[in-house]
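Asks: coordinates for the following, if possible.
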Amino acid sequence: MPSQFFGLNIGASALSAFQTSVNTAANNVANVQTKGYTRQTANLAATDPIRVYTRYGSVGTGVEVTSVTQERNLYYDEKYWQNQILNCCKLLENDINFNFEYHIFSSGEDVLKYQSNIDILLLDEELPGTSGQSIKEQFEASNKNTIIIFITSHNEIVYDSFGKNVYGFITKPINQTNFNKTLKKTINKTIAAKYLTLPDSINDNITLLYRDITYMKANGSYTTIYMSDSTSHFIRKGLNDLEKIITNDTLIRVHKSYIVNSYYIKKLNSDELILTTDTTVPLARRRKKQVQTKIAQNIYEKAESIWNN
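Replies: From the prediction side, this is the model:
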């Protein structure tokens with residue numbers, strides 16, 4: 001038969017459990033204005049009964065807190081982080097004077113089904129459907145060049161997430177300074193070689209894909225950039241200044257007044273180039289060897305990509 005202290009122990013378990021519940025509720029109130037915080041609940045359960053040798057068989061022993069869990073609405077949780085990441089990207093654009101093109105995925109399956117090229121994938125480990133880890137592994141298995149940056153609230157996943165496509169980790173709640181630092185490092189290594197951001201004569205800035213530029217022509221202290229879709233942009237920079245900021249080596253200086261994308265060269269004559277757009281561009285004699293070398297390099301790279309596939 002339990003002693004009189006048994007009842008006191010049961011009461012003590014109740015006091016302890018309900019104190020934890022009160023502390024949890026107080027923490028919820030304290031974090032009402034905390035970004036990314038979700039309400040917590042203390043989960044209570046009866047403790048194991050004990051057997052007593054009487055007619056009723058066993059008696060309860062009290063209550064305990066089995067866990068403290070977050071009360072999350074997955075839909076709103078997902079929308080919250082999507083919006084926060086998007087806002088961080090917008091602030092980063094203003095900071096580095098660079099324009100991004102965005103695509104938001106609602107599930108892991110949507111990521112894997114996406115056919116277009118992805119330069120940088122900000123991948124939430126808790127993405128609905130296929131896990132972030134699985135997406136990373138499938139991207140690596142298919143030899144995709146997409147750069148993956150994990151966004152997670154679980155620091156322990158870092159050790160399981162290293163891979164050739166993984167460039168960094170951003171932890172929740174997201175800090176704008178850390179976000180900018182990670183993305184700037186990534187952009188400087190990769191994206192800068194694909195895009196050129198310049199001051200336009202009409203707009204504040206324009207961002208162009210290097211691969212879409214066919215050639216540039218000097219117009220005094222200004223430059224006209226001709227694109228593969230037959231459009232053009234009048235830029236408030238001279239050709240010499242542009243040459244200093246170009247980070248993609250497919251664009252080469254062929255004449256004092258011209259920079260040409262070597263991938264658009266169809267024919268090389270003694271003193272001129274014929275582009276795939278049938279545009280004729282003058283070729284300086286002292287730059288002819290450099291152009292020949294670049295064309296040969298392009299042919300080799302194309303052949304190599306075919307062999308590898």
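Asks: please count neighbours and contacts with C-alpha atoms only from this point.
Replies: OK.
Asks: could you check which helix or strand contains residue 84?
Replies: Per DSSP states H and E: residue 84 is located in helix 74-96.
Asks: brain fart, residue 173
Replies: Per DSSP H and E, there is no helix or strand for residue 173.
Asks: for residue 35, same thing?
Replies: Of the helices and strands defined by DSSP H and E, none includes residue 35.
Asks: against residue 172, how distant is it?
Replies: Spatial separation of residue 35 from residue 172 under the definition Cα to Cα, to the nearest Å is 10 Å.
Asks: can you check residue 78 too?
Replies: Per Cα to Cα, residue 78 is found 13 Å from residue 172.
Asks: cool, and residue 149?
Replies: Distance of residue 149 to residue 172, given as Cα to Cα: 13 Å.
Asks: show the contacting residues for the closest residue to residue 209 other than its chain neighbours.
Replies: Excluding the flanking residues, the one nearest residue 209 by Cα to Cα, 6 or more residues apart in numbering is residue 195, at 4.6 Å. Contact criterion Cα atoms under 8 Å, 6 or more residues apart in numbering gives 207-210 as the residues in contact with residue 195.
Asks: so which residue is dead centre in this structure?
Replies: Against the mean C-alpha coordinate of the chain, by Cα atoms, centre = their mean, the closest residue is residue 122 at 2.8 Å.
Asks: what residue ranges in this protein score low on pLDDT?
Replies: When the per-residue scores of the chain are filtered using pLDDT under 70, the ranges that remain are 1-5, 36, 53-57, 72-75, 143, 154-164, 189-192, 200-204, 298-309.
Asks: what is the neighbour count of the spatially closest residue to residue 145 that is not a sequence neighbour?
Replies: Excluding its sequence neighbours, the residue lying closest to residue 145 (Cα to Cα, 6+ apart) is residue 165, at 6.9 Å. Residue crowding around residue 165 was assessed by other Cα atoms under 10 Å; the count is 20.
Asks: just confirm residue 150 is within a helix.
Replies: No - note on residue 150: no helix contains this position according to DSSP: H, G, I helix; E, B strand; the rest coil, which reports strand.
Asks: could you double-check that it sits in contact with residue 126?
Replies: No - under the criterion of Cα atoms under 8 Å, residue 150 is not in contact with residue 126, lying 10.0 Å apart.
Asks: quick check: neighbours shared by the two?
Replies: With Cα under 8 Å, 6+ apart, residue 150 and residue 126 have common neighbours residue 132.
Asks: tell me which of those two has more neighbours.
Replies: residue 150 (24 against 18).
Asks: which residues does that one contact?
Replies: Applying Cα under 8 Å, 6+ apart, one finds that residue 150 lies in contact with 122-125, 132, 166, 168-170.
Asks: do you know how far it is from residue 6?
Replies: Computed with Cα to Cα, the distance linking residue 150 and residue 6 is 51 Å.
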